[in-house]
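Novice: only geometry, no sequence info:
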């Protein structure tokens, strides 16, 4: 065990020993040899190496990952989301990353605690940006089928595959072990009388950190995406009650920021969840060369002649969210707690949820049935960051209801997300185009040529995985089934300063 541990650090390490039991000698050797203390980059590397060492023991996996997540801190580095243990899952079977981890631990030991978070993140994310998945032909077919049917259930997958059902479980397990797909939960916001709002801010790069510090920590804050090319461009998203007061207070927030900083441009947006659409075209990924079969001239040609040569390999997934059921939902504190647990952990059995929350299995089962019958959430399948794609965020002015036409135009790209929005009583289109890094600048040139008059905003974001948002339980009035909203929820101390 490392020397000079504080009582709280010692308690955390003892907690790890109690979880690992027979597997604890491996972990103990790491933290003793490399003098590792909790809540450091070296600590996360030790937790990762321990997980990789026993990843074949499924009974330990959930408990260890829960401990690791609790005893680490999710962070953001240049808009890259660092989420333990999820950022490490695609690296479990990567021997080269294992070697890098040991090398970093040794350098940190030789020069005591020299591995600070910024140094670690610059190395970690640079490594992650260079890796591309190694897939067999069958694994790749299964991956494409999972995206197409948005499910990992065998009966759904077999409709799109020519794999013997007896082997399907084996290939599904391989796909999950490699961290190729991410099983998520999509919350139906309109069903909960919630809406997605956006605040776009543009300023000089030197003001970036100062502006971020002035944004109040709202219970409805969902995500912050930041561009690092050119000027500082921020897209801040809120999931908040679908009431006019939220838009009013977001305008007040922007006005306050404009009085304190030189904001070059700003927008207040409300996204129209009913118009969500996504397309995937991962068939252009070459599993032999581990390269994308896509050139700038392919994009130009597709943009010009998409009606004639529409890519038959791209497929669309409707992700619209509506409140079209004719009965109201009925959520109590237990239901919200179970829903948040599902949102946080993505896919757990009823037994696991019951054990974690100390409810009976019958209680959990009844609440889940109520949530599903009420169309409050759905499962979704997305590719993990391991494909190393860069995001071009594009806001277009409305032009005669052309969202689907434009989306078809972009569908040659590996992944496209689109949605309509409202700003100052004018509508427009929001696109996220996932593009191979070597084509980003050329893709922007092509977009500016084709849409020069309609482009409202365009910027580049490295990664767009948001933090794990959960429903703020103290903001939901279960008696009246409505949200308790105050201006302070968005404005923070700005309300008291006014």
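Specialist: All right, it came through fine. No experiment lies behind these values; they were computed from the predicted model shown.

Novice: Low-confidence stretches in this protein?
Specialist: 1-3, 55-56, 78-80, 113, 228, 307-313, 323-328, 347, 463-468, 495-498 (pLDDT under 70).

Novice: Quick check: neighbours of the lengthiest strand in it in the sheet, parallel or antiparallel?
Specialist: If you go by DSSP state E, the chain has its longest strand at strand 263-280. Under the criterion DSSP bridges, strand 263-280 sits next to strand 194-203 (antiparallel), strand 315-318 (antiparallel), strand 415-423 (antiparallel) in its sheet.

Novice: Near residue 348, how many other residues are there?
Specialist: 16 (other CB atoms under 10 Å). Heads up, the C-betas are built off the backbone N, CA and C, glycines and all.

Novice: State the phi and psi torsions of residue 230.
Specialist: phi 70, psi -140 (degrees, to the nearest 10).

Novice: can you give me the strands for the stretch 101-250 of the chain?
Specialist: Secondary structure of the stretch 101-250 of the chain, counting by DSSP state E, counting those that start in this stretch: strands at 181-187, 194-203, 221-227, 232-241.

Novice: how big is the angle separating the first one from strand 232-241?
Specialist: In this case it means strand 181-187. In terms of direction (axes from the mean of the first three to the mean of the last three CA atoms, to 10 degrees), strand 181-187 departs from strand 232-241 by 50 degrees.

Novice: what does the third one give?
Specialist: Here strand 221-227 runs at 160 degrees with respect to strand 232-241, directions being taken by the same axes, to 10 degrees.

Novice: Make 5 the first number, not 1, from now on.
Specialist: Done: numbering now begins at 5, and the last item shifts to strand 225-231.

Novice: by contact count, what packs against strand 225-231?
Specialist: The contact analysis (3 or more CB pairs under 8 Å, 6 or more residues apart in numbering; DSSP states H and E) places strand 225-231 against strand 236-245, strand 459-465.

Novice: Partner strands of it and their direction?
Specialist: strand 236-245 (antiparallel).

Novice: Can you list the neighbours in contact with the strand it pairs with?
Specialist: Contacts with strand 236-245, where a contact means CB atoms under 8 Å, 6 or more residues apart in numbering, come from 193, 197-209, 211-212, 215-216, 219, 222, 224-231, 250, 254, 397, 461, 463, 465, 470, 473, 487, 489, 493-494.

Novice: are any of those buried, and which?
Specialist: 193, 197-207, 211-212, 215, 219, 222, 224-231, 250, 254, 397, 461, 463, 465, 473, 487, 489, 493-494 (16 or more other CB atoms under 10 Å).

Novice: ok, and the closest non-adjacent residue to residue 326?
Specialist: Excluding the flanking residues, the one nearest residue 326 by CB to CB, 6 or more residues apart in numbering is residue 278, at 5.0 Å.

Novice: now swap in residue 209 and tell me
Specialist: residue 236 (4.7 Å).

Novice: Tell me how many other residues surround that neighbour.
Specialist: By other CB under 10 Å, neighbour count at residue 236 equals 20.

Novice: partners of it in the sheet?
Specialist: Taking DSSP bridges as the rule, residue 236 bridges to residue 207.

Novice: How about residue 229?
Specialist: residue 239.

Novice: picking up where we left off before, so which bits of the longest strand of the chain are buried?
Specialist: Those would be 267, 270-277, 279-284, for strand 267-284 by 16+ other CB under 10 Å.

Novice: again, but for stretch 357-365
Specialist: Of the residues in stretch 357-365, those buried (16+ other CB under 10 Å) are 357-358, 360, 363.

Novice: do stretch 131-150 as well
Specialist: 132, 135-137, 139, 142-150.

Novice: Equivalent analysis for stretch 368-386, please.
Specialist: Across stretch 368-386, burial judged by 16+ other CB under 10 Å covers 368, 371-372, 374-375, 378-381, 384-386.

Novice: Check those residues against residue 39 and report the nearest one.
Specialist: Nearest to residue 39 among those is residue 386, at 38.7 Å by CB to CB.

Novice: Contact partners for that closest one?
Specialist: Counted by CB under 8 Å, 6+ apart, residue 386 has contacts 151, 185-186, 188.

Novice: so which two of the residues you listed are the farthest from each other?
Specialist: Pairwise over the contacts of residue 386, using CB to CB, the maximum falls at 151 and 188, 12.5 Å.

Novice: Mind checking which of those two has more residues around it?
Specialist: residue 151 (24 against 15).

Novice: The more buried one is in contact with residue 285, isn't it?
Specialist: No: here residue 151 does not reach residue 285: they are 9.8 Å apart, not a contact under CB atoms under 8 Å.

Novice: so what's in contact with these two at the same time?
Specialist: residue 319.

Novice: which one of the contacts of residue 386 sits closest to residue 87?
Specialist: Distance to residue 87 across these (CB to CB) is lowest for residue 186, with 11.1 Å.

Novice: which residues does that closest one bridge with?
Specialist: Residue 186 has these beta-bridge partners by DSSP bridges: residue 386.

Novice: ok, it - how many residues close by?
Specialist: Counted with other CB under 10 Å, residue 186 comes out at 18.

Novice: wait, isn't residue 415 in contact with residue 281?
Specialist: No: the pair residue 415 and residue 281 fails to qualify as a contact (CB under 8 Å) at a distance of 10.2 Å.

Novice: Overlap of the contact sets of the two?
Specialist: residue 320.

Novice: on that earlier part again, what is in contact with residue 151 and residue 188 at once?
Specialist: Joint contacts of residue 151 and residue 188 (CB under 8 Å, 6+ apart) are 385-386.

Novice: just to revisit the earlier point, between all of the buried residues of stretch 357-365, which two are at the greatest distance?
Specialist: 360 and 363 (8.9 Å).

Novice: how is this protein carved up into domains?
Specialist: 11-134, 141-183, 279-325+387-465, 337-377 (automatic domain parsing).

Novice: Let me have those in TSV, extended by distance to residue 478.
Specialist: Formatted as TSV, these follow (distance: least, CB to CB, whole Å):
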stretch	distance to residue 478
domain 11-134	21
domain 141-183	33
domain 279-325+387-465	24
domain 337-377	10
